[in-house]
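> with the input below, show me the fold.
(chains A and B)
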Amino acid sequence: GESVGLHLPTLSVQEGDNSIINCAYSNSASDYFIWYKQESGKGPQFIIDIRSNMDKRQGQRVTVLLNKTVKHLSLQIAATQPGDSAVYFCAENMSGAGSYQLTFGKGTKLSVIP
Amino acid sequence: DTGVSQNPRHKITKRGQNVTFRCDPISEHNRLYWYRQTLGQGPEFLTYFQNEAQLEKSRLLSDRFSAERPKGSFSTLEIQRTEQGDSAMYLCASSLRTGNDYGYTFGSGTRLTVV
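Got it, this is the predicted structure:
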């Protein structure tokens, strides 16, 4: 079946460096994508979202890039801080089909080295 | 009311017992969702309410699972005759669709352990 997946299960970066977390999706009907951060013992926390009519969206220290041609999504975190250590999930949705269901990938664990 | 509230935070139960979890969404959110998350995996969709109407149900939601949102505010998720495979984090989320902004917000979850 079609699903969202991640290329790398773990990522270690030095504090102050930029982080890039990747995600591949295969459902061409998906038109809304969200990145979540999940810390241990907590629920997923919204980071940033993007719709399929955009290819880039920026937030505070985070940027999401969407490449519909190759069905690829990435999350860039600038100047990574120890507080960024968490598991990051991408999720997809078919809002155009009237669905409110999110399909999540398996997650990437980001570890920030002080 | 600053977020989605879930109770209890942790629940340990013996196999075969029934359990019930509660979710209080963000007050102005009319949509409420239940997800299940096992260790090392992303959350999996279980069911969705718009106000008091249950509009989507996953095939993961077996006959032993039932969810309600009687007054369109808080919701309960009940699992009957629990099995060890039910051990997971049960997450609730709520949203309010305004334009293109879902505002999809998760609670901290209820961690269920079936022994």
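
> partners of the strand or helix carrying B:R111 in the sheet?
Element membership for B:R111, per DSSP states H and E: strand B:110-114. Applying DSSP bridges, strand B:110-114 is found paired with strand B:10-13 (parallel), strand B:88-95 (antiparallel).

> next, B:G85: phi, psi?
Main-chain dihedrals, B:G85, degrees, to the nearest 10: phi -70, psi -10.

> name the nearest residue to it, sequence neighbours excluded.
B:V114 (7.9 Å; Cβ to Cβ, 6 or more residues apart in numbering or on different chains). C-beta: built from backbone N, CA, C; applies to glycine.

> so what's the one you found bridging to?
As for beta bridges, B:V114 partners with B:T13 under DSSP bridges.

> show the contacting residues for A:I20.
When contacts are counted by Cβ atoms under 8 Å, 6 or more residues apart in numbering or on different chains, A:I20 touches A:S74, A:L75, A:Q76, A:I77.

> oh sorry, the question was meant for B:K14
B:T82, B:V114, B:V115.

> the residue of chain A found nearest chain B: neighbour count?
Among all residues of chain A, A:F104 sits closest to chain B, at 3.0 Å; criterion: Cβ to the nearest Cβ. Counted by other Cβ atoms under 10 Å in any protein chain shown, the residues lying close to A:F104 total 23.

> got it, and A:A86?
Using other Cβ under 10 Å, A:A86 is surrounded by 21 other residues.

> cool, the one 5 residues further on as well?
For A:A91, the count of nearby residues is 26 (other Cβ under 10 Å).

> so A:A86 touches A:W35, yeah?
No: using Cβ atoms under 8 Å as the test, A:A86 is too far from A:W35 to be in contact (11.2 Å).

> pLDDT weak spots in chain B?
For chain B, residues meeting the criterion pLDDT under 70 lie at B:1, B:97-103.

> which part of it gets nearest to chain A, residue-wise?
B:G42 (3.0 Å).

> look up the closest residue to that residue, ignoring the ones flanking it.
Spatially, and ignoring its direct neighbours in sequence, B:G42 is nearest to A:F104 (3.0 Å; Cβ to Cβ, 6+ apart).
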